[in-house]
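> Okay, here's the prediction I keep looking at, along with the sequence it came from:
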Amino acid sequence: MIEALNVTKEYRSEGRVHRAVSDVSFSVARGEKLAVLGRNGAGRTTTLRALLGLVGSRSGSVLIHGEEAIALPPHRIGELVFRHPKGRMTYYHRMPEATDQAYRGGWFHSGDLAEYDEDGFFYDAIHLPNGQQHYLKVRSIVGLIPLFAVETLEPELLDRLPGFKRRLEWFIDNRPDLVGNVACMRTRGKGERRLLSIVGRDQLRRVLQFMLDENEFLSPYGIRALSRYHKEHPYTLAVNGMEYRVNYEPAESSTGLFGGNSNWRGPIWFPMNYLLVESLQKFHHYLGDDFKVEFPSRSGNMVTLSEVAAELSRRLSKIFLRDDKGERPVYRDIPKFQTDPNWNDLILFHEYFHGDTGRGVGASHQTGWTGLVAKMLQQSGESSKRKRRERTEVAFTD
């Protein structure tokens, strides 16, 4: 509920006081829409600016869920409040006094600051000692990690676990403070499956617009750890007179941070890419073939999430496979490993890979996580296709 009571805006001109907005009062409940009508110059825009605090001094009262907001600056980040349609269903466990203090005007005040970002991406935030929060608008792998938190529940499994199913339904009905921050767990997907995920259908689509953009995260060899957008638009942050900068660096680190041997500001990291591929497969398992996204972004080529996962697997596999020139991108600029018959079939598993060329970077013995390429080769069918192609070539030569 938003209420405006006697909101007035005055300004002075040539020694006289003029009222641009005079004693405006109205209320808008949840789900309602209000239109402000009037001729040009009647004060429609000024009315809205006065409500939002964008016109300097004003008088009257602006109430948001019963809380006075007339004196708040427009840049102030709001508090997250919510309520359950069945009434007072949210509470602090064994803390009745804290629960009473949190409820004001029928709304539960969480005490958490909330900011809705229009682009739908996830960003880091710095919590300062004075209680302020500062959002770091760096498009990094951090904004993609929430996609990892996804699982689907088969209806047959829920039917075999009636106790768990009953508690799940109770949780959905009685903990709106928690289920309100994740994807809807009631909506059934393909095969009547349930979805457990931080992101829902709409936000997934918006996050993938960045992830599948070749000018952002999508590389010919996988998903970069930092958007290529920051190559031309580095992020800067001033703290205590010092300026800190985040640039897109697709290969070795340019600083001694973390020993200088690791770099999360642009390269391709296999464990993160593997988890992204796995997450996309799970989302497809729930959303099915009807849910399609552009791949790459803005290309007009609509594909399913299963097809996106398969293409990412192929791009990651290309790092180690010979290209049209007979060269492996992992050994870019190392002729000995490309042409010498004693070396060209010996594959090293580097720590990470160049975000633009696929060249191996960092330690060359990270078999544990880069070895995941074997699973991707198996899933994408590249290994079997390659064997058939080699057999054909040999038969032709003979």
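Received, thanks.
> how is this protein carved up into domains?
For the chain, the structural domains run 2-76, 145-149+198-397, going by automatic domain parsing.
> what's the closest non-adjacent residue to Arg186?
Spatial nearest neighbour of Arg186, excluding adjacent residues (C-beta to C-beta, 6 or more residues apart in numbering): Ile172 at 6.2 Å. Placement of C-beta: from N, CA and C, glycine included.
> need the contact list for the one you found.
Going by C-beta atoms under 8 Å, 6 or more residues apart in numbering, Ile172 touches Val179, Met185, Arg186.
> List the buried residues for the strand or helix carrying Arg245?
Using DSSP states H and E, Arg245 maps to strand 242-246. Going by neighbour count (16 or more other C-beta atoms under 10 Å), the buried part of strand 242-246 is Val246.
> and if you look at stretch 23-41?
Going by neighbour count (16+ other C-beta under 10 Å), the buried part of stretch 23-41 is Val24.
> Need the contact partners of it.
With contacts defined as C-beta under 8 Å, 6+ apart, stretch 23-41 is touched by 1-8, 44, 47-48, 50, 60.
> doesn't the residue nearest to Arg186 fall inside a strand?
No. Applying DSSP: H, G, I helix; E, B strand; the rest coil, one finds Ile172 to be helix, outside a strand.
> how much space between it and Met302?
32 Å (C-beta to C-beta, to the nearest Å).
> try Arg322
For Arg322 relative to Met302 (C-beta to C-beta), the value is 31 Å.
> More neighbours: which of these two?
A count of neighbours by other C-beta atoms under 10 Å puts Arg322 above the other of Arg322 and Met302, at 14 against 10.
> which residues sit in contact with the more buried one?
With C-beta under 8 Å, 6+ apart, Arg322 has these contacts: Arg328.
> That one in helix, strand or coil?
Quick answer, by three-state DSSP: Arg322 is coil.
> Would you mind measuring from it to Tyr286?
With the distance defined as C-beta to C-beta, Arg322 ends up 37 Å from Tyr286.
> quick one: Thr357 and Val330 touch, right?
No. Applying C-beta atoms under 8 Å as the test, Thr357 and Val330 come out as separate, 9.8 Å apart.
> ok, the two, which is more surrounded?
Val330 (27 against 17).
> what's the spacing between the strand holding Arg245 and its chain's center?
Offset of strand 242-246 from its chain centre (C-alpha atoms, centre = their mean, to the nearest Å): 23 Å.
> what's the burial count for the closest residue to Phe295 other than its chain neighbours?
Nearest residue to Phe295 in three dimensions, chain neighbours excluded: Val303, at 4.8 Å (C-beta to C-beta, 6+ apart). The tally of other residues near Val303 (other C-beta under 10 Å) stands at 17.
> Which secondary structure state does Val303 sit in?
Per three-state DSSP, the local secondary structure of Val303 is strand.
> OK, contacts around Ala69?
Val62, Leu63.
> And the pLDDT for it?
Note on Ala69: pLDDT of 76.
> Please apply the same query to Gln379.
In this model, Gln379 carries a pLDDT of 75.
> same check, this time on Ser306
What the model reports for Ser306 is a pLDDT of 93.
> so it sits right up against Phe283, yeah?
No. At 9.2 Å, Ser306 does not count as touching Phe283 under the criterion of C-beta under 8 Å.
> Comparing those two, which residue is more hemmed in?
Counted by other C-beta under 10 Å, Ser306 and Phe283 do not tie: Phe283 has more neighbours, with 27 against 17.
> now the closest residue to Leu312 other than its chain neighbours: how far from Arg186?
Distances taken as C-beta to C-beta, 6+ apart put Val277 closest to Leu312, at 5.3 Å, once the chain neighbours are dropped. Note on Val277: its distance to Arg186, by C-beta to C-beta, is 28 Å.
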